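Participant: structure for the following, please:
(2 chains)
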Amino acid sequence: MAVVRGVIGSEKKPFFDDPRVRAAFARHGLRVEVDTAGSRQIVTDVDLGRYAFAFPSSVPAAERIKRDRGATVTYSPFYSPMAVATFEPIAGLLAKAGVLSNSGKSHQTLDIKKYLELVAKGTRWDEIPGNSAYKARKRVLLTTTDIRTSNSAAMYLSVIGYVANGEDVITSDAQIARIAPVLAPAVLDQGFSESTSEASFDDYLALGAGKTPMLVVYEAQYLAHVFAGDGAIKPDMRLVYPSPTVLSKHTLVPLSAAGDRVGRLLTEDPELQSLAATYGFRTTDPRAFAGLVAKTGAPAAADLVDVVEPPTYERLDRLITTIDAARP
Amino acid sequence: MRILLCAAALLLTAACASGPAQSTDGPTDGPDVLRVLAGSEIKDLEPLLRRAGSEAGVKVALTYTGTLDGADQVASGRADGKADATWFSSNRYLSLLDGAQAKLSTQTKIMVSPVVLGLKPAKAAALGWNGKPVTWADIAKAAGDGRFSFGMTNPASSNSGFSALVGVAAALSDADGALGAEQVASVTPRLKEFFSAQRLTAGSSGWLADAYARDPSVDGMVNYESVLLGAREPLTLVYPGDGVVSADYPLTLLASAPEEKKVLYGKLAAWLRTPAVQKEIMTGTHRRPITGGVPLDARFGAAQLIELPFPNRRSTADELIATYLNQVRVPAQATFVLDTSGSMKGGRIDALRQALVALTGADTSASGAFTRFSERESVTMIPFSGAPREPVPFTVPERNPETVLAAIRSFAEGLSANGGTAIYDSLRTAYDRPVESGHYGSIVLMTDGENTDGSDYADFESHYRALPEEKRRVPTFVVLFGDSDVEEMRQVAELTGGAVFDARETSLTSAFKEIRGYQ
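Facilitator: The predicted structure follows:
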């Protein structure tokens, strides 16, 4: 059995730890061991010489690693749209504040433009009229992971950056200089943020609305628990979708021949593809995912129309650095 | 079934119910051993961790360290190669240090405990806080009016104190987001009001609970919910409605760990999150489970706990700690009884000079910066040999402390070794000095040998027992060094409610730094 070690975004760890996934790899003579790190950390801090593959959670980070390491191919075996995990009383308040509405389809959408207006006004939860459910003095802010380390925060920045940039993908430093002051409060005023999406989702599940009234998540993080029926998603929890949203395309960069095999198997092996769907990921063949949604009645959006592209890694990196320099 | 405890400097505390932390009695490393640098807060998990050997195939070797000291070790890379993982009650401060992120690999939260106020039930009832919504502002008001007193750990040494300080500052500042440095300045008067009621301090949450149990005059503690629920005498827990700061105990793999240790880490983390172990953590240590599948016991209460934002900038966190130490806290009255007998000649007296100089601002590391003598602190030096020398008092002023710190530094540099060892006459001199009102008094006794001159331990004990209550409240922290009489020193610590610090295997500098958390 050949041991193949990779460094991955934390949200994919449960998938790689699954005995069924390990068995599927074992049938091909591989034992895949993974360490987790934020996607940006994978690009900047992690010693990639120790790994056979890097598996960040976005195309921009993967493209950058591919270039830095001189890799020739990448694999994008599954993806997940960015979503917001919240709670029933909070969703009600957001609707009252005019930020959350029914999409007319199966899911509710959070209007990012209106949300940014709320952020600009500095609205606190206890200032929302008629709020007796969540009397916190904290500002109405989506909880994110640390923009310096984590891909989910970077994906979120892509979305709010797109809206703040007049509904357009950021393509210039001048645009960044203009919108960074608008975006900074949305990510920095929440205070300390977790470095990984797994850690902040732990908080959401275990500590509830007191700590995390609404959290930027990968759709897959939430759906994995719904599909598994493990009881972690409580009746008062809600999954809603930002509008616009962005797709996190989990992209594997092979750093050795063994890493390349892992990438190919994840993309082509039907069993690994259907196992990925049980972890809430949307795969190339949509049937496995759709089947699980139908079977569990999961609150997954059937079709997301308002999807934007993230900026390039360098632009996103510049945006993060500029915002981070404005820490309070 | 081997748990290896390589305690750093804190050897044992006289009042410590959990008993002495022993140095190792087995291998500190091996193919199935995960070496974990840990906060002393997780000491109560030792019995559980012993079972990780048979149930998860991982033996856990724990080395304990203070919060900021541990953060220092990780960020500076000094932990690389010595530890495979860390387990502190929180990684928040650590994550703010430059270079720390690159040192950390996978982080797995294991359990949760908010920092809240626990009061004697009669006091809570008298204040009208039973089952009624209470805010930190209510608590600060009652504290400022002198209606209750409490103990809390030193925020520079212990995460519970740091979390409490952040929580109280965030709540009292009326801030609606993360605190910035300006808000620290504006909230300082309200922090002074709250902390005017603090009567006990400590370098660790466990020691604080023990000191609280010994002192019936203190009404409560700000501590982890888990410590408060585990107190020997039941406490009424007050959960401030405006929010708390919680510890989340992330078991964290160091990026430098070798491959085989990463596998052990994965096994241990997975085992700790199994429903059976999560349930056991909850019932055995009063902490809240992190995995959603384990229902919460009724004793944790049904109230929703708002989590207060934590600063996301190191300068804000540091400013908060410095403000607490230099402006807010009840100032310390620290007396140092220092052996300068002939046996201290050479390297030992040098070590003593260095240890004292480090406390005058010479140590600029994250942990060192907060161990220096603080503004408003009163420091008295009583060097001794065959008899105590005339005590030399210093008072660090509220502004421009540099001159006095420099004077302490030159005093320390001028120490020389000669003559016999009159331990108890010298300690008695320290106890006979007046207690300064509005100060928190403590004595450090450092000696490298046995008593050779003057009165003996029995004389000291009867003298101590005859002292007025306010003097008997002053604990003596003894430092073992060279050829100290371990048994007698332990008796001194036990008698006075102090603790024993062992500098024989480490250094006087690190022992003194650690003691600063208790002063």
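Participant: what ranges do the strands span in the stretch 101-250 of chain A?
Facilitator: A:108-111, A:214-218, A:237-243, A:245-254 (DSSP state E, counting those that start in this stretch).
Participant: now do the buried residues in the helix or strand just after the last one.
Facilitator: To tie it back to what came earlier, the one meant is strand A:245-254. Using DSSP states H and E, the next helix or strand after strand A:245-254 towards the C-terminus is helix A:257-268. For helix A:257-268, the neighbour count (16 or more other CB atoms under 10 Å in any protein chain shown) marks A:258-267 as buried. In this view, the C-beta of every residue, glycine as well, is placed from N, C-alpha and C.
Participant: among these, find me the one that's closest to chain B.
Facilitator: residue A:258 (14.5 Å; CB to the nearest CB).
Participant: what residue in the stretch 1-150 of chain A comes nearest to chain B?
Facilitator: Closest point on the stretch 1-150 of chain A to chain B, by CB to the nearest CB, is residue A:45, at 4.1 Å.
Participant: which one of the residues in the stretch 301-450 of chain B is closest to chain A?
Facilitator: Nearest to chain A, among the residues of the stretch 301-450 of chain B, is residue B:309, at 3.1 Å (CB to the nearest CB).
Participant: do you know the pLDDT at the residue positioned nearest the centre of chain B?
Facilitator: In chain B, the residue lying closest to the centroid (CA atoms, centre = their mean) is residue B:203, at 1.6 Å. Here the pLDDT value assigned to residue B:203 is 92.
Participant: how about the residues of the stretch 101-250 of chain A near chain B?
Facilitator: Contacts of the stretch 101-250 of chain A with chain B, taken as CB under 8 Å from any CB of the partner chain, map to A:122, A:124, A:135-139, A:141, A:146, A:148-149, A:185, A:188-193, A:195-196, A:199, A:202-203, A:205-212, A:225, A:230-234.
Participant: give me the element residue B:36 is part of.
Facilitator: Taking DSSP H and E as the criterion, residue B:36 maps to strand B:33-39.
Participant: all helices of the stretch 1-150 of chain A, in order?
Facilitator: A:13-17, A:19-26, A:39-44, A:59-69, A:88-96, A:112-121 (DSSP state H, counting those that start in this stretch).
Participant: off-centre distance for the host helix or strand of residue B:424?
Facilitator: Secondary structure from DSSP H and E places residue B:424 in helix B:423-432. Averaged C-alpha coordinates place helix B:423-432 at 26 Å from its chain's average position (CA atoms, centre = their mean, to the nearest Å).
Participant: for chain A, what is the nearest residue in the stretch 401-519 of chain B?
Facilitator: Closest residue of the stretch 401-519 of chain B to chain A, CB to the nearest CB: residue B:517 (23.1 Å).
Participant: coming back round to it: and the helix holding residue B:424, what does it pack against?
Facilitator: Using 3 or more CB pairs under 8 Å, 6 or more residues apart in numbering or on different chains; DSSP states H and E as the contact test, the elements touching helix B:423-432 are strand B:332-339, strand B:378-384, strand B:440-447, helix B:457-465.
Participant: got the CA positions of the second one in CSV?
Facilitator: Coordinates of the C-alpha atoms in strand B:378-384 are reproduced here as CSV (Å, rounded to 0.1, in the frame of the first residue of the first chain):
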residue,chain,number,x,y,z
SER,B,378,5.3,48.1,45.7
VAL,B,379,8.5,45.9,45.7
THR,B,380,10.6,45.2,48.7
MET,B,381,13.9,43.4,48.6
ILE,B,382,15.2,41.6,51.7
PRO,B,383,18.5,40.0,50.9
PHE,B,384,19.8,37.8,53.7
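Participant: buried ones in it?
Facilitator: Residues of strand B:378-384 classed as buried: B:378-384 (neighbour count, 16+ other CB under 10 Å).
Participant: how many neighbouring residues does the residue in the stretch 151-300 of chain A positioned nearest to chain B have?
Facilitator: Nearest residue of the stretch 151-300 of chain A to chain B (CB to the nearest CB) works out as residue A:191 at 3.1 Å. Neighbours of residue A:191 under the rule other CB atoms under 10 Å in any protein chain shown: 24.
Participant: residue contacts, it?
Facilitator: Each residue near residue A:191 by CB atoms under 8 Å, 6 or more residues apart in numbering or on different chains is listed here: B:177-179, B:309-312.
Participant: from these, which is closest to residue A:62?
Facilitator: For these, the residue nearest residue A:62 by CB to CB is residue B:312; the value is 27.4 Å.
Participant: count of neighbours near that closest one?
Facilitator: Residue B:312: 26 neighbours (other CB under 10 Å).
Participant: now swap in residue B:97 and tell me
Facilitator: Count around residue B:97 with other CB under 10 Å applied: 18.
Participant: equivalent analysis for residue A:47, please.
Facilitator: 10.
Participant: re earlier: and of the strands of the stretch 101-250 of chain A, who's closest to residue B:271?
Facilitator: Here strand A:214-218 is closest among those (CB to CB), at 26.1 Å.
Participant: list the contacts of the closest one.
Facilitator: Defining contact as CB under 8 Å, 6+ apart, one finds that strand A:214-218 is touched by A:11, A:57, A:80-87, A:90, A:94, A:142-145, A:152-153, A:155-156, A:197, A:200-201, A:203-204, A:242, A:248, A:280.
Participant: rounded mean pLDDT for that strand, please.
Facilitator: For strand A:214-218, the per-residue pLDDT averages 97.
Participant: compute the inter-axis angle for it and helix A:88-96.
Facilitator: Here strand A:214-218 runs at an angle of 100 degrees relative to helix A:88-96 (axes from the mean of the first three to the mean of the last three CA atoms, to 10 degrees).
Participant: can you confirm residue B:44 is in a strand?
Facilitator: No: according to DSSP: H, G, I helix; E, B strand; the rest coil, residue B:44 belongs to no strand; its state is helix.
Participant: show the contacting residues for it.
Facilitator: B:18, B:206, B:226, B:230, B:284-285.
Participant: what residues of the lengthiest helix in chain A count as buried?
Facilitator: Longest helix in chain A by number of residues, with DSSP state H as the criterion: helix A:173-188. Within helix A:173-188, the residues scored as buried using 16+ other CB under 10 Å are A:175-176, A:179-180, A:182-188.
Participant: number of nearby residues for residue 232?
Facilitator: No chain in the question, so chain A it is. By other CB under 10 Å, 18 other residues sit near residue A:232.
Participant: wrong one, chain B
Facilitator: Neighbours of residue B:232 (other CB under 10 Å): 10.
Participant: thought it was touching residue B:213?
Facilitator: Yes: the pair residue B:232 and residue B:213 qualifies as a contact (CB atoms under 8 Å) at a distance of 5.7 Å.
Participant: right, is stretch B:164-179 up against chain A?
Facilitator: Yes: under the criterion of CB under 8 Å from any CB, chain A is reached by stretch B:164-179 at B:174, B:176-179.
Participant: follow-up on the earlier one: of the residues of the stretch 101-250 of chain A next to chain B, grab the buried ones for ChimeraX.
Facilitator: Selection of buried members from those for ChimeraX, criterion 16+ other CB under 10 Å:
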select /A:124,136,137,138,139,141,146,148,149,185,188,189,190,191,192,193,195,196,199,202,203,205,206,207,208,209,210,211,212,225,232,233
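Participant: among the residues of stretch B:164-179 next to chain A, which pair sits farthest apart?
Facilitator: Greatest spacing in the residues of stretch B:164-179 next to chain A, by CB to CB: B:174 and B:178 (13.3 Å).
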